[in-house]
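Undergrad: Requesting a structural model of the entry that follows:
(chains A, B, C and D)
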There are 2 protein chains.
Amino acid sequence: MFSKACEYALKIMIYLCSVKERGKLAGLKDIAGAIDSPEAYTAKILQQLVRADLLESLRGPSGGFKVVGRDITLLEVVVAIDGEGLVKNCVLGLKECSGEYPCPAHDKFIAMRDHLKGVLTTTYLSDLKGGVIEGNRFLRV
Amino acid sequence: MFSKACEYALKIMIYLCSVKERGKLAGLKDIAGAIDSPEAYTAKILQQLVRADLLESLRGPSGGFKVVGRDITLLEVVVAIDGEGLVKNCVLGLKECSGEYPCPAHDKFIAMRDHLKGVLTTTYLSDLKGGVIEGNRFLRV
DNA sequence: TTAATAAAGGATAAAAAGATCTTTAAATCT
DNA sequence: AGATTTAAAGATCTTTTTATCCTTTATTAA
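TA: So this is what the prediction gives:
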């Protein structure tokens, strides 16, 4: 459903949200350890999230990353990494699939896509951080 | 959502279902033309569908492919090409995500996955062929 | 000014997508 | 029956995308 990079991105964002204690930064090593991801690759995803204005970063000693000062939906994270394809493109890959020129599965999948889109737009990172903080939800095996 | 190969496979199956006139076969060129896919790659997917017992093939002149003699769900096609990952694996990629060790988005996504699974298991190829036959549904731009 | 850390970009590896070519099987036509 | 033609099966190769790693530069706090 999501690319590997996007899976990491979602975990990164949820993690950073769960450790967000007014302005405290988490470093790359910390993050990669928390979500069990390859460090170098994680660094690249972090850069993308910064460029997408979902994270802020600071260099130097005690530098690191933190989420920006507003609540963020899952869709924002997904779109930042995977683009809008998942909620826009035809599931059968038709370039021009639409109401006028629908693919055979159009109606069936529109309903499904709307459901998916609904979950992604109405779920905020703040809705998910709780379980992680309490320790009954996990970001790694 | 689906791999490119899987998109092709779904289109192939819907197409073959729509042209299924008592035992008539469609050849590779015919199929690739109908769904606008690269011939060689399409041949490979056709083989997979034959091995998965979703298609029957016959060699030689007037040879080709046809769907087997039972109705097939979209899920069967998806699983044959992409495997069960989409409806089984954790959306965040956790190996051990489950009721006991849930990821933060577990509940949110379970609902979504069930919806997706529902559509895929209750939609049969025979439900989709009609529009293609009537010409108001399309398998290529 | 030095040690720590993110930013940036290129290099490498692996997987997916697609193309090419050879072999095998089936049908048709002598 | 045998030769020829047609088309799928199979193997191998190239290209593209995705994932991962590494090295260098810029920044900042102590």
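Undergrad: Can you name the residues of chain A sitting close to DNA strand D?
TA: A:3-5, A:8, A:37-41, A:43-44, A:58-63 (Cβ under 7 Å from any atom of the strand). Where C-beta positions appear, they are placed from N, C-alpha and C, glycine not excepted.
Undergrad: Show me which of the residues you listed are buried.
TA: A:5, A:8, A:37 (16 or more other Cβ atoms under 10 Å in any protein chain shown).
Undergrad: Contacts only, for the first one.
TA: The contact partners of residue A:5, taken as Cβ atoms under 8 Å, 6 or more residues apart in numbering or on different chains, are A:41, A:45, A:48, A:81, A:82.
Undergrad: if we go to 6 Å?
TA: Shown in contact with residue A:5 (Cβ atoms under 6 Å, 6 or more residues apart in numbering or on different chains): A:45, A:81.
Undergrad: Next, format the buried ones among the residues of chain A next to DNA strand D as a markdown table and append distance to DNA strand C, secondary structure and pLDDT.
TA: Shown next, in a markdown table, are these (distance: Cβ to the nearest atom of the strand, whole Å; DSSP: H, G, I helix; E, B strand; the rest coil; pLDDT from 0 to 100):
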| residue | distance to DNA strand C | secondary structure | pLDDT |
| --- | --- | --- | --- |
| A:5 | 13 | helix | 94 |
| A:8 | 14 | helix | 95 |
| A:37 | 14 | coil | 93 |
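Undergrad: Return the closest of those residues with respect to residue A:99.
TA: residue A:5 (32.2 Å; Cβ to Cβ).
Undergrad: how close does that closest one get to residue A:35?
TA: Note on residue A:5: its distance to residue A:35, by Cβ to Cβ, to the nearest Å, is 12 Å.
Undergrad: and if you look at residue A:43?
TA: Taken as Cβ to Cβ, the span from residue A:43 to residue A:35 is 13 Å.
Undergrad: so what does the helix of greatest length in chain A touch, helix or strand wise?
TA: Longest helix in chain A by number of residues (criterion: DSSP state H): helix A:106-122. With contacts taken as 3 or more Cβ pairs under 6 Å, 6 or more residues apart in numbering or on different chains; DSSP states H and E, helix A:106-122 sits against helix A:74-82, helix B:106-122.
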